[in-house]
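K.L.:
Sequence below, structure please.
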Amino acid sequence: MRIRVLPLVLALIFVPLFLVTACRSSSADGLTVTIVVDGTSRVMTVTDAVTVNDVLRRAGVTLGELDRVNPPGYSRITDGMTITIVRVVEETVVVEESIPFERRTTLNDGLPAGETRLLQAGVN
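P.N.:
Presented below is the predicted three-dimensional model:
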């Protein structure tokens, strides 16, 4: 009975240990990531970040509501990855412009031939 339990105990100890070890990053020195934002490029070495959002948070990059991140924030980071932030600004532009009035001609049997009469004057 004792011999049959030993392999089970060993399996219960080493399998979770193997799984935890397999989930760790293979690089003890960290991963090198390049962040391109606001016209500048910044290279960082990260050891404990998992996603793009983690890297941006550690770099102190604040994202606006409309800003675009490539690759998306939920993506896992890889060594040599380049993260690009495109700042998006939304603005409304109003242009006031005078539009010339259109002249329409209608036939009227009550007027002599060749005579015209203004029916409605245009107003700006």
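
K.L.:
give me the element the residue lying farthest from the centre of the chain is part of.
P.N.:
Distance to the chain centre peaks in the chain at residue 112, reaching 69.1 Å (criterion: C-alpha atoms, centre = their mean). Using DSSP states H and E, no element contains residue 112; it sits outside every helix and strand.

K.L.:
Just the pLDDT for it.
P.N.:
Note on residue 112: pLDDT of 80.

K.L.:
any idea how far it is from residue 120?
P.N.:
Counting by C-beta to C-beta, to the nearest Å, the gap from residue 112 to residue 120 is 21 Å. From N, CA and C alone the C-beta is placed, and that goes for glycine too.

K.L.:
what's the answer for residue 92, then?
P.N.:
From residue 92 to residue 120 the distance is 33 Å (C-beta to C-beta).

K.L.:
Distance from the chain centre to the element among helices and strands of the chain having the smallest mean pLDDT, please.
P.N.:
Between all helices and strands in the chain, the lowest mean by mean pLDDT, DSSP states H and E belongs to helix 2-23, at a mean of 70. The chain centroid and the centroid of helix 2-23 are separated by 44 Å under C-alpha atoms, centre = their mean, to the nearest Å.

K.L.:
Strand partners (parallel or antiparallel) of whichever helix or strand comes after that helix?
P.N.:
Per DSSP H and E, the first helix or strand lying C-terminal to helix 2-23 is strand 31-37. Partners of strand 31-37 in the sheet, by DSSP bridges, are strand 40-46 (antiparallel), strand 81-86 (parallel).

K.L.:
Show me the contact partners of the longest one.
P.N.:
What that stands for is strand 40-46. By C-beta atoms under 8 Å, 6 or more residues apart in numbering, the residues outside strand 40-46 that reach it are 29-36, 54-55, 58-59, 77.
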